[in-house]
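A.B. asks: Got a sequence here, can you build the structure:
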Amino acid sequence: MTVDIIKENEKNDRTSMFFRVQQRPESPWTTVSSRLSELPAGTVVMMQTDHGLEPATVMKLAPISFCEHGPIKTEMEIVAIAGEDEIHDYRNLLLSEEKACAVCLRLVQKHHLVMKLVRVEKFYGGGKMIFYFTAENRVDFRGLVKDLVQEYRTRIEMRQVGVRHETRMLGGVGICGREFCCSGHLKNFSSVSIKMAKEQDLPLNPNKISGVCNRLFCCLTHEYNSYKKERRKMPRPGRRILLGREQFLVRRQNVLCGSVLAENSSGEEVSLSREQWEEAVPVKGKAESRDGDTKRQGHTHTPGGEKQKRGKQGARETGAEGKKKK
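C.D. replies: Purely as a prediction, here's the structure:
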């Protein structure tokens, strides 16, 4: 029956719909395509994955994302609505995963392994079971795998994941009030550095810019390139600009407001709008300071410095002549 539905869907040329589905309770939502248009929330469906058919629950309708060549294709596709027997097997699958988790925890204590079990996933067809765990060091789980194979008579895979992947599997809500980026829309983890927080004028306190995984927020990468691009257009801190007849020393950039905080010749801090600093002219070479003296940026001239230099050179020559006479 399922094969006939797949063939019928392949012949159908209607535009694919996109739905957000969840394979396991509290697991991340996944966007999948479907040629079935009416799938209300809570519907149990069968979708095609890289290892065969798997059941999932429809959570909501997802927006259609387009690119230059048309709608973006997803890795998985809904092929049919689950029947009563498939729903029954799906519920039993979830119960068997919970029991397998308890059995694995008991065997971990038996073998005295230092590891934390995160989740157990069993394929719908029963051909394989994956045990996800975290550990600070490498774990010798050969004895554990032998016991699990004897218990379930199927292929067993132990997969060690990091703290970010653990958070992604468990899911949750961030301080922004939204679902974790890692369990929501991110597919790959990008490297996040403290430089990204500094570029966006965020507090550099790790406790304020770290998630529940004790790693820097993944969302720091979302607007980093935009901040970097806008800062390049604005006068840099430490530069002097000339607006009309008055000179200003740039102190700080405010990317969100599009303004810069600058210090005038009187030492007062003034906020210059985008229109103002765009009309300003950068001061090159000599710049006028508040005292009225002319100073070159990055160079300080000391009166009598040339004489001091010559005096030191003469002392070196005299000392050399004295050594020769000796």
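
A.B. asks: Identify the residue spatially nearest to Ser210, adjacent ones excluded.
C.D. replies: Leu216 (5.8 Å; C-beta to C-beta, 6 or more residues apart in numbering). In this view, the C-beta of every residue, glycine as well, is placed from N, C-alpha and C.

A.B. asks: quick one: the one you found and Phe189, what's the gap?
C.D. replies: 11 Å (C-beta to C-beta, to the nearest Å).

A.B. asks: Of those two, which one has the most company?
C.D. replies: The residue with more neighbours, out of Leu216 and Phe189, is Leu216; 18 against 15, by other C-beta atoms under 10 Å.

A.B. asks: related to what we said a few turns ago, next up, the contacts around the residue nearest to Ser210.
C.D. replies: Leu216 makes contacts with Val192, Ser193, Ile194, Met196, Ala197, Pro206, Ile209, Ser210, as judged by C-beta atoms under 8 Å, 6 or more residues apart in numbering.

A.B. asks: Can you give me the neighbour number for the closest residue in space to Glu179 that isn't next to it in sequence?
C.D. replies: Excluding its sequence neighbours, the residue lying closest to Glu179 (C-beta to C-beta, 6+ apart) is Val173, at 6.3 Å. Counted with other C-beta under 10 Å, residues neighbouring Val173 total 11.

A.B. asks: Would you confirm that Val173 contacts Gly184?
C.D. replies: No: judged on C-beta atoms under 8 Å, Val173 makes no contact with Gly184 at a distance of 10.3 Å.

A.B. asks: If you rank the contacts of Leu216 by neighbours, which is first?
C.D. replies: Going by other C-beta under 10 Å, Met196 tops these with 23 neighbours.

A.B. asks: buried sites along the host helix or strand of Arg232?
C.D. replies: Assigned by DSSP states H and E, Arg232 belongs to helix 224-233. Using 16 or more other C-beta atoms under 10 Å as the test for burial, helix 224-233 gives Tyr224, Tyr227.

A.B. asks: What is the helix or strand just after that helix packed up against?
C.D. replies: Following helix 224-233 in sequence order, the next helix or strand is strand 240-243 (DSSP H and E). Packing contacts for strand 240-243, counted by 3 or more C-beta pairs under 8 Å, 6 or more residues apart in numbering; DSSP states H and E, involve strand 246-254, helix 274-279, strand 281-282.

A.B. asks: Let me have those in TSV, extended by mean pLDDT and distance to Tyr124.
C.D. replies: What follows is the helices and strands packed on strand 240-243, written out as TSV (pLDDT from 0 to 100; distance: least, C-beta to C-beta, whole Å):
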stretch	mean pLDDT	distance to Tyr124
strand 246-254	91	54
helix 274-279	90	57
strand 281-282	88	65
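
A.B. asks: Tell me which of those sits most buried.
C.D. replies: Greatest average neighbour count among those goes to strand 246-254 (a mean of 17), per mean count of other C-beta atoms under 10 Å.

A.B. asks: Strand partners (parallel or antiparallel) of it?
C.D. replies: Here strand 246-254 is paired, per DSSP bridges, with strand 240-243 (antiparallel), strand 259-263 (antiparallel).

A.B. asks: quick one: contacts of the first one?
C.D. replies: In other words, strand 240-243. 235, 247-250, 262, 272, 276-277, 279-283, 287, 297.

A.B. asks: do the same with the last one
C.D. replies: Residues outside strand 259-263 that contact it (C-beta under 8 Å, 6+ apart) are 234-235, 241, 248-254, 269-274, 277.

A.B. asks: Flag every buried residue along the helix or strand that it is followed by.
C.D. replies: Sequence-wise, the next helix or strand downstream of strand 259-263 (DSSP H and E) is strand 269-272. For strand 269-272, the neighbour count (16+ other C-beta under 10 Å) marks Val270, Leu272 as buried.

A.B. asks: Give the partner strands of strand 269-272 in its sheet and their orientations.
C.D. replies: Under the rule (DSSP bridges), strand 269-272 has strand 259-263 (antiparallel) as partners.

A.B. asks: Now do the buried residues in the partner strand.
C.D. replies: Ser259, Val260, Ala262, Glu263.

A.B. asks: Check stretch 145-155 too.
C.D. replies: Here stretch 145-155 shows Asp147, Leu148 as buried, counting by 16+ other C-beta under 10 Å.

A.B. asks: now swap in stretch 162-173 and tell me
C.D. replies: Per 16+ other C-beta under 10 Å, stretch 162-173 contains these buried residues: Arg164, His165, Glu166, Thr167, Arg168, Met169, Leu170, Gly171.

A.B. asks: Which one of these is nearest to Lys128?
C.D. replies: Lowest distance from Lys128 to the buried residues of stretch 162-173 (C-beta to C-beta) belongs to Met169, with 17.5 Å.

A.B. asks: Distance check, that closest one against Arg231.
C.D. replies: 36 Å.

A.B. asks: likewise Leu170?
C.D. replies: Counting by C-beta to C-beta - Leu170 and Arg231 are separated by 36 Å.

A.B. asks: Tell me where the model's unsure across the stretch 101-250 of the chain.
C.D. replies: Within the stretch 101-250 of the chain, the set of residues satisfying pLDDT under 70 is empty.

A.B. asks: Can you show me the strands along it?
C.D. replies: Remark: strands assigned in the stretch 101-250 of the chain by DSSP state E, counting those that start in this stretch are 116-122, 128-134, 155-160, 240-243, 246-254.
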